[in-house]
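Novice: I would like to see how this sequence folds:
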Amino acid sequence: MRLGRITTAAALGLGALVGLSGPPAQAGYTVTLAQQGPNVVATGSGSIDLTDLTIEFLAGGVPGIVPSSQLINTGPPAQLTGYGGISGPTNFGSGGVTFADAGVGDLVGLAGNGELVVPRGYVSGDPLSDSSTYDNKTIASLGATPGTYVWTWGTGEDADSFTLVIPAAAVPEPSGLLLLPLGLVGVVAARRYRPARATGD
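Specialist: Numbers count the residues shown, from 1 in each chain. Alright, predicted model coming up:
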């Protein structure tokens, strides 16, 4: 009986060690392009598995967006490595070129033509995060279409993805319309209550 307990404990311990030594699950990389007050902000985070991708080019890049050409770079200006081998939507709207007004973090994105860009020297699987701001812009003015767009690559344990989420803009109710019913109620109440006219002698 005691031997059975030891064997079970050893098996559980071995299972835990195997779980720790296995390859980490790929969470993918996600960018959310959303309206924040008068500006549009792109925020990205995640990791990228480069195993099944091929190097296509080395270049300098800047943060910007071209919805009609499936191009979006989020982060500050930086030296990039472009990788080919991804598949997904050919666009996420009809807009042309718009450069971001500010960017921080790691420059990551899509370069169009089925290419993914990451910072020069990026190590596959390392965490990435960034954001870019488009001052005094809206999702509509950028020519981006709300929706969720996914680009994928790789197989098995090396399968990974780049996801772009563009939430639909909330339609605020005009404050004037909210006050209109109260105003009408006030008018009706005033018409119903009329003081009796004084009559002369």
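
Novice: what's the weakest-modelled helix or strand in the chain?
Specialist: Of all helical and strand segments in the chain, the minimum by mean pLDDT, DSSP states H and E falls on helix 2-21, at a mean of 38.

Novice: next secondary structure element downstream of that helix?
Specialist: With elements assigned by DSSP states H and E, the helix or strand that comes after helix 2-21 is strand 29-36.

Novice: please identify the buried residues of that following strand?
Specialist: Buried residues in strand 29-36, counted by 16 or more other C-beta atoms under 10 Å: 29-35. Placement of C-beta: from N, CA and C, glycine included.

Novice: repeat for stretch 100-120
Specialist: Those would be 100, 103, 105-112, 114-119, for stretch 100-120 by 16+ other C-beta under 10 Å.

Novice: now the helices: where do they sit in the chain?
Specialist: Secondary structure of the chain by DSSP state H: the helices cover 2-21, 175-192.

Novice: re earlier: of the buried residues of stretch 100-120, closest to Ser161?
Specialist: Leu116 (10.4 Å; C-beta to C-beta).

Novice: quick one: the closest one and Leu110 touch, right?
Specialist: Yes: look at Leu116 against Leu110 with C-beta atoms under 8 Å: they come within range, at 6.2 Å.

Novice: hey, what's in contact with both of these two?
Specialist: Common neighbours of Leu116 and Leu110, counting by C-beta atoms under 8 Å, 6 or more residues apart in numbering, are 86, 151, 162.

Novice: report the beta-bridge partners for the residue nearest to the spatial centre of the chain.
Specialist: In the chain, the C-alpha closest to the average C-alpha coordinate belongs to Thr32, at a distance of 1.4 Å (C-alpha atoms, centre = their mean). Taking DSSP bridges, one obtains Thr43, Val165 as the residues bridged to Thr32.
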